[in-house]
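> Could you look at this predicted model? Sequence included:
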Amino acid sequence: MTVLVITGTGTEIGKTVTTAAVAALAARQGRSVAVLKPAQTGVAEGEPGDAAEVARLAGQVTTSELARFPEPLAPDTAARRAGLAPVGPRAVAEAAEKLDADHDLVLVEGAGGLLVRFDDEGGTLADAARLLGAPVLVVAQAGLGTLNVTTLTAEALRARQLECAGVVIGSWPAAPGLADCCNLADLPAAAGAPLLGAIPEGAGALSPTDFRAAAGSWLAPRLGGAWDALAFTARAAADTGTHQP
C-alpha cells in the first residue's frame, strides 16, 4: 500500500500515536513517509498539531496540514464558526496524490471518526478514501462499547466498498479488565478484518528514541512490526485469568 487512511471509532483514542508508530516503522525500513492531516481542529495558530506530534515521535517524515480551525469541533462546524473555508474530500485526495508521487508511503490521519463531516456538503474522510482507492486502518478503544462502534465503522466502509486494512487498539491499558481482554478476540469479528496491533497507554509520552525502538512490538507484520495477535491475546488472558470458552 502506498496510501493508507487512518480513522478512529471516536476521538481521543490514539489515532495520532498509531499514525506515528506506523510512520516510525516505515521510516526504519528506509521508506520515505508523508503524513497528511487534512483538518486540524482545536489547536491555535502556531501551536504544534497532530502532524507535528507524529514527526516528533516518528522522526524523518514529511508533514502536511491543509487547514487549521481553533475550536475543538467537527471540521465543518469549526470552519463555519471560524469563518474559514472547509476542506473537502477532493482537496484531501489531491493533496495525498501529490505526496504519493514523491513518497513511498502516505498516511492520511482523519479527525474523529470515519463519517465526521468535513464540509457543508457532507463530505467525509470516507469520501476521500474512496477517491484515493485507499485502504482504511481503524483505530479503536479497548474496553466496553468498542465492538458496537467498530462494527458501525466497518459497515460504513463496506457500504462504500472500501477496504478495512485492520484494527489497532489505540491505547491498551496497563491493567486490562475482562472486557478489554475479551475484545481482543471479538474485535476482528466486529471489523471483519484482522487485529493489527495494540499501542500501550502512555506510549505518546515516551521519548522519541524509546518510541521508535518499541514501535515494532506494538504493530503486526502488515504494518511493519512483529506484534502477534494470537500470542498477545493469550498472554492477556493468562495475566488476567480470562479464559475464552
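Sure thing, it's come through.
> Averaged pLDDT, the helix or strand where residue 213 lies. What do you get?
Using DSSP states H and E, residue 213 falls within helix 208-214. Averaged over helix 208-214, pLDDT sits at 98.
> where are the low-confidence patches of the chain?
Counting by pLDDT under 70, the ranges of the chain that qualify are 1, 240, 242-245.
> try 90 this time
Flagging of the chain using pLDDT under 90 yields the residue ranges 1, 44-46, 112, 235-245.
> in it, which spans are helices?
Taking DSSP state H as the criterion, the chain carries its helices at 15-28, 50-58, 75-82, 89-100, 125-132, 146-159, 178-191, 208-214, 229-240.
> Return the distance of the shortest one from the chain's centre.
Just to be clear, that refers to helix 208-214. What separates the centre of helix 208-214 from the centre of its chain is 18 Å, taken as Cα atoms, centre = their mean, to the nearest Å.
> List the buried residues of it.
With burial defined by 16 or more other Cβ atoms under 10 Å, the residues of helix 208-214 counted as buried are 211-212, 214. Backbone N, C-alpha and C define where each C-beta goes, glycine included.
> Looking at these, spot the one nearest residue 196.
residue 214 (16.1 Å; Cβ to Cβ).
> measure the closest one to residue 144 for me?
Applying Cβ to Cβ, to the nearest Å, the value for residue 214 to residue 144 is 27 Å.
> just residue 213 next, same as before
When Cβ to Cβ is the yardstick, residue 213 and residue 144 sit 32 Å from each other.
> Could you find the closest non-adjacent residue to residue 157?
residue 164 (5.0 Å; Cβ to Cβ, 6 or more residues apart in numbering).
> what residues are up against the one you found?
135-138, 154, 157-158, 191-193 (Cβ atoms under 8 Å, 6 or more residues apart in numbering).
> Would you list the buried entries among those?
Neighbour-count burial (16+ other Cβ under 10 Å) applied to the contacts of residue 164 gives 135-138, 154, 157, 191, 193.
> can those residues go into CSV with extra columns for distance to residue 93?
Supplementary listing: the buried ones among the contacts of residue 164 in CSV, determined by distance: Cβ to Cβ, whole Å:
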residue, distance to residue 93
135, 14
136, 13
137, 17
138, 19
154, 22
157, 17
191, 24
193, 22
